[in-house]
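[1] Build me a model from this:
(chains A and B)
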Amino acid sequence: MSSENAVSNSKFVLQDPVLTFEDYSRAEVRRLEETDPQFDSQLYMEAIDLVLVQMGVVERSRDS
Amino acid sequence: MIIRNIWAENIFKFKKIELLGLPERGIIALSGANESGKSTLVDMISLALFGRTVTIAPEQLHQVVRWGETRASLTLEFTGRDRRDYSVTRYFDIEGAQQPALCQGGVLTPIIKGEGVDQKVVDLAGFNFEQFANILYLAPENLRTSASSSVMIKSLAGVEGIEKIAQRLFNEVQSLQAVASHLKENQEKLRLKHQHLALRRETLDELQEQLIHEQQKMAALDREIGQWRHFIEGFRKAASGVAAAMERFAKSTLDTGLDGWRARSVQLLQALDGFEGVCQEGEVELGEVNPLDGMRQWLSDFGQRLLEIETIFNQVDTYQRKILAWLGEDKFPHGPEPVSTESRFIDNRTPIVREKERLEKRYRRLDRGFVVAFFLAFFFCSGWGLLYFQPDLPISMAVRQFFIHPWSLQGISVSIPFLQDFLSQLQQMVGKYPPEAILGGTALLMLMAMLGDFGRSTKIKAKIALVTQKLTQLEGQAAYYREVIEIIESSVRQSLPRRVALLATIDEVPWQIELTEWLQKGGGDLLKEDDLARFLNKLISSFDQFQKDIQFCDAEAAAQEAQGMESRKKQEQSLQELQSRIEQEHQRRQEDQRLQEEIQDLHMEFLKQEHQIQVRQIATRLLKGTALELAKYFNQELQRFISSVVPILTGNRYQNLRLNNDLVIQVCSPKKKSYVDLAELSTGTRAQILLAVRVALAQAMATRSIKSPQFLVLDEPLAFFDRQRFQNTLLALPKIGEHLTQFWVVAAQFDSALPGEVGVHIHCFEDEDVLMVG
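    Okay, the predicted model is just below:
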């Protein structure tokens, strides 16, 4: 995890952005799964992984 | 974290520093002119805790050591989150290296040394260097503009990192879109190139079918040329055979025998047959008048003559066989002996010879009987004459006595019984007749017998003469036949003309008529040199015509072959062109395949880029949503601290402050009765509000995260404040909340009327390098 990518390098004081992102993404995926018949969960999972990689939470995205 | 004591040697400009007994609550005022070292004291807090400062980059830490010194030391005693006292000591050298050590309480033995010290300090403090620099360390530049505060707020809210990632993804999307656009352009170019290639799938198959067809034509042409060559070779060979046979034939002379004629004729005929076969195979016609017909006609005529003379010769052979068979003297040398209907010479001659011998033998016997009869007749006549004319003679008496007493010889007869019996029977028979009668009669009988013999011998003699004549005739004929045989046998070894001439010399032979007719019908042409030459000239004339026709046909065939070769050359060129077109078509196919693959690859790459763009766009949307969530929550949480801090620090002038969704600070203006951006406020007011916001953030951090008394550093944040506002701020700071208790305030100077809540005032002088407090 590089310091450049690390979002959670403790600048925050109130809320962890990684957890917020994960919660928000999960909620968004759930919402779209329920409302959008054309919803492509794979794309969203890749996007989430990509962001987590960028955040330095995971080493690399699922598709890579 | 509360800072209790600080010791330092050879740090920055100071040779020695001792700040002892620092209060847990209240303001620690640091004042002094520029370059007096007041900010250095603040930097020492960060340097002691984290080994780095806000103002000095890590690679320039060698500047920490005082000028002219080689080593420096810094010790900071603090109370951690666990309410226990610790001291962190760092030793520096001029290379920038440092050796940290952490001790607990008053124990001098470090609990941790080296690398683990930094992390342990972070744990004990409840914040790291970043949080210190952004939240607990307030520099004046952070309060000049609302933009910098907004950045800081976003950073603290976690939105800054989110937005950075979003921006990075946005930039990636831009780059990916540029790449995708480039891929699309390249794909379009390749598609146009592919369209321009205009490859027809059927063309190669058609060309290959055409190639097979042309190759078949080529093979047929090769076969035809091969057949032509084969024909020409055979034609020339057959023509050479005819020429050779003809040459041998033309060399024939009168000395050539029948076998030689026949053999050459057969050779020539075979050569002509072979040549004709080649012509038929090649479907070649030799001119309007076929010279082969003339030669064949000549050979047929010639053959007929040979056949006729051969027939004659066969007759001669047959005749020879018959004669030889008739003569019976020698076997026929040229084959089995023919069955003859005639009696053989020996068969004819033998009975004649035997008859002659028998007649001659009979004649000789008759001749001897005649002599005996003559003597007997003479004897008996003499006896009769004696008895009749001289009966008294003693001899006549003796004879008579003999007839009267023939037994006087009985003694003899006794000794010879057979003679005795005969004499007895003779006496009985002749005894009753007179001796004269007996002798006369006997003499007469003898005369008669003599006459009879003479007659018979004469007759036999005539027969002998006749038989001898027959025998002579037969032997003459045999001698003649032997001569004929000799001629025939000698003719066999002769040339045809000499043989014919020899045979013609024999008369009265069966073939004589046929030979004469043969000579009259043209056979004579073979017997004389001039006639033969004339006769052969007819054949040579036909052969000359044959030669001309051969040359013509050979030239025609060669022309046909040349034409075939020319056609083959054209066909070969056509094949090469076709193969070249097929090769080009293959290359076009490969190009087509390559273009399709490239287009497909580009398309796949484009889809991949599109996918990456989609992923990043989704990620960006999620990040924006997350940022909104963070901002919303941060806004809600911070609002509570702001609402408690801002009125205190603004003297209740501004009580309502909020952060919008972009975390931009807005304040409710009492005059305007509405929220306005900080940009609309005066610089001092804006700095005051921003300070309130920053202190509220620090309060929030101390409350939420550190959860213990905490120091706050304000490095000249009040420079833009007027005196009253500066005073009010200093008075308000200790009242902010329970967790923020120790305020390090740096300023150029503090009024003499510094409120009593100020715990300690440390003034730095520019020319002093020793600072001792407490």
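[2] Which residues belonging to stretch B:727-738 are considered buried?
    By neighbour count with 16 or more other C-beta atoms under 10 Å in any protein chain shown, stretch B:727-738 contains the buried residues B:727, B:728, B:729, B:730, B:731, B:732, B:733, B:734, B:736, B:737. Placement of C-beta: from N, CA and C, glycine included.
[3] Determine the number of other residues adjacent to residue B:506.
    Residues lying near residue B:506 (other C-beta atoms under 10 Å in any protein chain shown) number 18.
[4] and if you look at the one 3 residues further on?
    Other residues within reach of residue B:509, judged by other C-beta under 10 Å, total 19.
[5] Looking at the buried residues of stretch B:727-738, which are in helices?
    B:727, B:728, B:729, B:730, B:731, B:732 (DSSP state H).
[6] near chain A, which of these show up?
    Among those, no residue is within reach of chain A (C-beta under 8 Å from any C-beta of the partner chain).
[7] where does chain A dip in pLDDT?
    Low-confidence segments of chain A (pLDDT under 70): A:1-14, A:59-64.
[8] the helices in it, which residues?
    A:17-35, A:41-55.
[9] so, in contact with chain B or not, the shortest one?
    Yes: remark: helix A:41-55 sits within contact range of chain B at A:43, A:44, A:46, A:47, A:48, A:50, A:51, A:54, A:55, by C-beta under 8 Å from any C-beta.
[10] circling back to that earlier point, generate CSV for the buried residues of stretch B:727-738, with pLDDT as supplementary columns.
    Putting the buried residues of stretch B:727-738 into CSV (pLDDT from 0 to 100) gives the following:
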residue, pLDDT
B:727, 79
B:728, 78
B:729, 80
B:730, 81
B:731, 80
B:732, 80
B:733, 81
B:734, 80
B:736, 77
B:737, 72
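[11] The helix or strand harbouring residue B:724 packs against which elements?
    Secondary structure from DSSP states H and E places residue B:724 in helix B:723-732. Counting contacts by 3 or more C-beta pairs under 8 Å, 6 or more residues apart in numbering or on different chains; DSSP states H and E, helix B:723-732 is packed against helix B:529-649, helix B:683-701.
[12] quick check: mean pLDDT across the last one?
    Think helix B:683-701. Regarding helix B:683-701, the rounded mean pLDDT is 80.
[13] Does anything pack onto the helix or strand following that helix? Which helices or strands?
    Sequence-wise, the next helix or strand downstream of helix B:683-701 (DSSP H and E) is strand B:710-715. Packing partners of strand B:710-715 (3+ C-beta pairs under 8 Å, 6+ apart): strand B:2-11, helix B:38-50, strand B:137-138, helix B:683-701, strand B:740-747.
[14] The shortest one pairs with which strands?
    According to DSSP bridges, strand B:137-138 forms sheet pairs with strand B:710-715 (parallel).
[15] buried sites along the strand it pairs with?
    For strand B:710-715, by 16+ other C-beta under 10 Å, it's B:710, B:711, B:712, B:713, B:714, B:715.
[16] is the last one in a bridge, and if so with what?
    Partner residues in beta bridges with residue B:715: residue B:746, with DSSP bridges as the criterion.
[17] Quick check: residues of the stretch 651-774 of chain B near chain A?
    B:697, B:700, B:701, B:704, B:705.
[18] In contact with residue B:313, which residues are there?
    By C-beta atoms under 8 Å, 6 or more residues apart in numbering or on different chains, the contact list for residue B:313 reads B:258, B:499.
[19] helix, strand or coil for it?
    helix (DSSP: H, G, I helix; E, B strand; the rest coil).
[20] How much space separates it from residue B:525?
    From residue B:313 over to residue B:525 the distance is 17 Å, taken as C-beta to C-beta, to the nearest Å.
[21] Same check on residue B:129?
    Taken as C-beta to C-beta, the span from residue B:129 to residue B:525 is 145 Å.
[22] list the buried ones in stretch B:116-136?
    The neighbour-count check on stretch B:116-136 (16+ other C-beta under 10 Å) flags B:117-118, B:120-122, B:124-129, B:131-136 as buried.
[23] list the contacts for the closest residue to residue B:739 other than its chain neighbours?
    Counting by C-beta to C-beta, 6 or more residues apart in numbering or on different chains, residue B:702 is the residue found nearest to residue B:739 once chain neighbours are left out, at 3.6 Å. The neighbours of residue B:702, taking C-beta under 8 Å, 6+ apart as the test, are B:708, B:710, B:737, B:739, B:740.
[24] who's in contact with residue 43?
    In the absence of a named chain, this looks at chain A. So residue A:43 contacts B:611, B:614, B:615, B:618 (C-beta under 8 Å, 6+ apart).
[25] hmm, I had chain B in mind actually
    Residues in contact with residue B:43 (C-beta under 8 Å, 6+ apart) are B:12, B:53, B:54, B:55, B:56.
[26] and stretch B:472-485, average pLDDT?
    Per-residue pLDDT values across stretch B:472-485 average out to 88.
[27] Repeat that for stretch B:227-235.
    Mean per-residue pLDDT for stretch B:227-235: 83.
[28] so where do the helices sit in the stretch 301-450 of chain B?
    Taking DSSP state H, counting those that start in this stretch, the helices of the stretch 301-450 of chain B run over residues B:345-389, B:394-404, B:410-415, B:417-430, B:435-492.
[29] Including distance to residue B:109 and mean neighbour count, could those go into JSON lines?
    Compiled in JSON lines, the helices of the stretch 301-450 of chain B are given as follows (distance: least, C-beta to C-beta, whole Å; neighbours: other C-beta atoms under 10 Å in any protein chain shown):
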{"stretch": "helix B:345-389", "distance to residue B:109": "170", "mean neighbour count": "16"}
{"stretch": "helix B:394-404", "distance to residue B:109": "218", "mean neighbour count": "15"}
{"stretch": "helix B:410-415", "distance to residue B:109": "206", "mean neighbour count": "12"}
{"stretch": "helix B:417-430", "distance to residue B:109": "201", "mean neighbour count": "13"}
{"stretch": "helix B:435-492", "distance to residue B:109": "156", "mean neighbour count": "16"}
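[30] Nearest to chain A, out of those helices?
    Among the helices of the stretch 301-450 of chain B, helix B:435-492 comes nearest to chain A, with 117.2 Å by C-beta to the nearest C-beta.
[31] Determine the set of other helices and strands touching the closest one.
    For helix B:435-492, the elements it packs on are helix B:291-327, helix B:345-389, helix B:394-404, helix B:496-504, judged by 3+ C-beta pairs under 8 Å, 6+ apart.
[32] need the least confident one among these, by mean pLDDT.
    Looking at the helices and strands packed on helix B:435-492, the bottom one is helix B:394-404 with a mean of 77.
[33] That one to helix B:435-492, inter-axis angle?
    Put simply, helix B:394-404 runs at 90 degrees to helix B:435-492, going by axes from the mean of the first three to the mean of the last three C-alpha atoms, to 10 degrees.
[34] then helix B:394-404 to CSV, C-alphas only?
    Presented in CSV, the C-alpha positions along helix B:394-404 are these (Å, rounded to 0.1, in the frame of the first residue of the first chain):
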residue,chain,number,x,y,z
PRO,B,394,33.2,-157.8,-128.8
ILE,B,395,32.1,-154.5,-127.5
SER,B,396,28.7,-155.1,-129.1
MET,B,397,28.6,-158.5,-127.4
ALA,B,398,29.5,-156.9,-124.2
VAL,B,399,26.8,-154.4,-124.5
ARG,B,400,24.3,-157.0,-125.4
GLN,B,401,25.5,-159.2,-122.6
PHE,B,402,25.1,-156.2,-120.4
PHE,B,403,21.5,-156.1,-121.4
ILE,B,404,21.1,-159.8,-121.0
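[35] now it: how far from the chain's centre is it?
    In this view, helix B:394-404 has its centroid 149 Å away from the chain centroid, taken as C-alpha atoms, centre = their mean, to the nearest Å.
[36] With stretch B:372-382 instead?
    With C-alpha atoms, centre = their mean, you get 135 Å for stretch B:372-382.
[37] need the residues of the stretch 501-650 of chain B near chain A, please.
    So the stretch 501-650 of chain B meets chain A at B:611, B:614-616, B:618-619, B:622-623, B:625-626, B:629-630, B:633-634, B:637-638 (C-beta under 8 Å from any C-beta).
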